[in-house]
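*Asks:* sequence-free structure coming up:
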């Protein structure tokens, strides 16, 4: 199995799949579903290198569930799994609790 290691301040997410049915029970086709904006953090890079040569630590860790911008990141497919690679700055917030 191949692994993908994020560099710098990048994060690898597994998107949370959207509901395929509405509250009324209507089945939505893939084309009508919204792009997921939540994901589980699978891997985190070491952090961003600052101008003074120090490493800025990451605020996000593996296992966190996060919200990210609708059109943020790059979608990649690795061993059949759909993943999103994005920068820490593209994360809007971490779900707690």
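*Replies:* Looks like it came in fine. Just so it is clear, the model here is predicted, and its values are computed rather than measured.
*Asks:* SS state for residue 89?
*Replies:* Classification of residue 89 by DSSP: H, G, I helix; E, B strand; the rest coil places it in helix.
*Asks:* Would you check how far apart it and residue 7 are?
*Replies:* Counting by C-beta to C-beta, to the nearest Å, the gap from residue 89 to residue 7 is 15 Å. (Each C-beta comes from the backbone N, C-alpha and C, glycine too.)
*Asks:* In this structure, where is pLDDT below threshold?
*Replies:* Along the chain, the model assigns pLDDT under 70 to residues 1, 18-23, 25, 27-36.
*Asks:* Any idea which residue is closest to the centre of it?
*Replies:* Central residue of the chain (C-alpha atoms, centre = their mean): residue 13, 3.1 Å from the mean position.
*Asks:* That residue and residue 7: what is the separation?
*Replies:* Residue 13 is 15 Å from residue 7, by C-beta to C-beta.
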